[in-house]
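>>> here you go, sequence then predicted model.
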Amino acid sequence: VQLVQSGAELRKPGASVNVSCKASGYTFTAYFIHWVRQAPGQGLEWMGWINPHGGGTNYAQKFQGRVTMTRDTSTKTVYMALSSLRSDDTAVYYCARGVGFYLGFWGQGTLVAVSS
Amino acid sequence: QSVLTQPPSASGTPGQSVTISCSGNSSNIGSNDVYWYQQLPGTAPKLLIYKNDKRPSGVPDRFSASKSGTSASLAISGLRSEDEAEYYCAAWDDRLKGLFGGGTKVTVL
């Protein structure tokens, strides 16, 4: 099982970012993908999940209206788009394969830096 | 401020035991399973405990956990230098939103 994320991104405040997470080594549609972020020196923050089988999503209240999680079953890739970026969105963003909150496999993380 | 409350730090000498608490309420820990994650510096988190007290394969039995009411705890026995890490509890709330505790940094003295 592998989850390989896209590379680091630098954005200006107000912009959007799209982070990808490419899955391999298992049946893509059999497991949810969660997104968790970690600001510098801070703890983990759950953002939401997407069900690759059907595309259903569940977002944390904090990110409702700003986050969109999508998937492409043909390439076994999940995407997390975050809009209206602010400086406090600077963080490492992780994708993780989950059954419930059993997040057994994680991507390597993607640093998103927001700065003018 | 995390809804799941953990002490910011804990420490012990090699061979000792350390216990980390995680306090929630009836809407999260009180009605859902607790999970624990270990994060070594500069790495992605790793699942340590699932469904309150179960260890995934490969996790040493030095790590144990329990849940009672609206609180949970993680115990590390026979503390080793490689256990120095950040530990997070996690649970769903009753609206099926995920919650992490604020994290506890364990230092091996």
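Thanks, I have it.

>>> show residues contacting stretch A:109-116.
Stretch A:109-116 is contacted by residues A:5-13, A:15, A:17, A:19, A:38, A:82, A:85-94, B:44 when judged by CB atoms under 8 Å, 6 or more residues apart in numbering or on different chains. All C-beta spots, glycine's among them, are computed from the backbone N, C-alpha and C.

>>> among those residues, name the buried ones.
By the neighbour-count criterion of 16 or more other CB atoms under 10 Å in any protein chain shown, the contacts of stretch A:109-116 include these buried positions: A:5-6, A:9, A:11, A:17, A:19, A:38, A:82, A:85, A:89-94, B:44.

>>> what helices and strands are in contact with the strand or helix carrying residue B:88?
Using DSSP states H and E, the element containing residue B:88 is strand B:85-92. Contacts defined by 3 or more CB pairs under 8 Å, 6 or more residues apart in numbering or on different chains; DSSP states H and E place strand B:85-92 against strand A:44-50, strand B:18-23, strand B:34-39, strand B:71-76, strand B:98-100, strand B:104-108.

>>> hang on, the earlier thing: keep only those of the contacts of stretch A:109-116 that are in helices.
Among the contacts of stretch A:109-116, none falls in helices (DSSP state H).

>>> the residue in chain A positioned nearest to chain B bridge partners, please.
Nearest residue of chain A to chain B: residue A:46, at 3.4 Å (CB to the nearest CB). Using DSSP bridges, the bridge partners assigned to residue A:46 are residue A:36.

>>> would TSV of the helices and strands packed on strand B:85-92 with mean pLDDT be doable?
Shown next, in TSV, are the helices and strands packed on strand B:85-92 (pLDDT from 0 to 100):
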stretch	mean pLDDT
strand A:44-50	98
strand B:18-23	98
strand B:34-39	98
strand B:71-76	98
strand B:98-100	97
strand B:104-108	97
